[in-house]
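K.L.:
Output the structure for:
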Amino acid sequence: MYAASREARSRSREALRAALTGSDSVAATTGSELFAVVAVLDDQRSLRVALADVSVPGSVRAELSERVFGGKVSPASLAVLTTAVAQDWSRTSDLVDTLVLLGQEALLESAADSGRLDAVEDELFRLGRIIGDNPDLEQALADRAKSASAKRELIGGLLAGKTETITQTLAEQVVSRQKAGVGVAFDELSDLAAARREQIVAHVRAAIALTPQQRERLAASLQRIYGKQVTVHVQVDPTLLSGLVVHIGDDVIDGSAIGRLERLRRALA
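P.N.:
Here you go, the predicted model:
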């Protein structure tokens, strides 16, 4: 993302923070409505381009968005949308992607306000693992031939009554737009939820399931290393033989047997 879009995204996020006052229902409504706006923009290229056309004054673009969406979304959602549209974006896709991000952040804010953010974060991580471990499901959710509504119906049927409502809303939005890497997209959402709690996420692959005490000790050790609270998400991977592999951002800590064998092999070579 170029500098202009980074600045535009920053101002749009400020508008979101200003709009999310009052009850958690304001945040939930704003998130869902921003997703609905994105669905319209995905379907209408001419409108999408017009709202991001930097050759037109931002005030004119904001007025256009108000004519199109005014009365169809809440005042909070409209305030966020008009502010975003009034910014100068390097690319049209940057505007749409930012509206997606704002919708996600609004829904996570709602989860936090209702005390359900931990549950949503955990469900998003587990969903990413389930999809990543099921190639047929991942292919179906990323199938370009399937309509967005068909993908939403598929994931909605799988999650109905089994997850938080916010988790399902986020999941349906992800699969409706994602063309590849669906599992990774859920990992990114889980990380976004952790960031909302000012924590970092450790993605851990372990040869066997960790006990609660082992998870706590691992989290404490990583917290001492990184100086921040750490959320530990564990995936069992028997191919490691023993030990575990920890991914935090770009950092990889490989304490697995297979990793040690690979390092030995390279040393001998």
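
K.L.:
When you work out contacts or count neighbours from here on, use the C-alpha atoms and nothing else.
P.N.:
OK.

K.L.:
Pick out the residue closest to the middle of this protein.
P.N.:
Leu189 (2.5 Å; Cα atoms, centre = their mean).

K.L.:
can you pull the pLDDT of that residue?
P.N.:
pLDDT, Leu189: 88.

K.L.:
Spatially nearest residue to it, not counting backbone neighbours?
P.N.:
Leu124 (6.9 Å; Cα to Cα, 6 or more residues apart in numbering).

K.L.:
how many other residues sit next to the one you found?
P.N.:
By the criterion of other Cα atoms under 10 Å, Leu124 has 26 neighbours.

K.L.:
Same question for Leu268.
P.N.:
Count around Leu268 with other Cα under 10 Å applied: 7.

K.L.:
again with Thr30
P.N.:
That count, for Thr30 with other Cα under 10 Å as the rule, works out to 29.

K.L.:
Could you give the separation of the helix or strand bottoming out on mean pLDDT in the chain from the chain centroid?
P.N.:
When the helices and strands of the chain are compared on mean pLDDT, DSSP states H and E, helix 257-268 comes out lowest with a mean of 79. In terms of Cα atoms, centre = their mean, to the nearest Å, the gap separating the centre of helix 257-268 from the centre of its chain is 35 Å.

K.L.:
buried set for it?
P.N.:
257-259 (16 or more other Cα atoms under 10 Å).

K.L.:
likewise stretch 67-76?
P.N.:
69-70, 73, 76.

K.L.:
Kindly report the same for stretch 142-151.
P.N.:
Buried, per 16+ other Cα under 10 Å, within stretch 142-151: 142-143, 148, 151.

K.L.:
pLDDT (mean, whole number) over the longest helix anywhere in the chain?
P.N.:
Ordering each helix of the chain by length in residues (DSSP state H) puts helix 92-113 first. Per-residue pLDDT values across helix 92-113 average out to 94.

K.L.:
and that helix, how far out from the chain's middle?
P.N.:
Counting by Cα atoms, centre = their mean, helix 92-113 is centred 8 Å from the centre of its parent chain.

K.L.:
Could you do stretch 148-157 as well?
P.N.:
18 Å.

K.L.:
can you dump the C-alpha coordinates of it into PDB?
P.N.:
Coordinates of the C-alpha atoms in stretch 148-157 are reproduced here as PDB (Å, rounded to 0.1, in the frame of the first residue of the first chain):
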ATOM      1  CA  ALA A 148     -20.500 -15.200  -3.100                       C
ATOM      2  CA  SER A 149     -24.000 -16.000  -1.800                       C
ATOM      3  CA  ALA A 150     -23.300 -19.800  -2.300                       C
ATOM      4  CA  LYS A 151     -20.100 -19.500  -0.300                       C
ATOM      5  CA  ARG A 152     -21.800 -17.600   2.500                       C
ATOM      6  CA  GLU A 153     -24.500 -20.300   2.500                       C
ATOM      7  CA  LEU A 154     -22.000 -23.100   2.700                       C
ATOM      8  CA  ILE A 155     -20.000 -21.600   5.600                       C
ATOM      9  CA  GLY A 156     -23.100 -20.400   7.300                       C
ATOM     10  CA  GLY A 157     -24.500 -23.900   7.200                       C
END
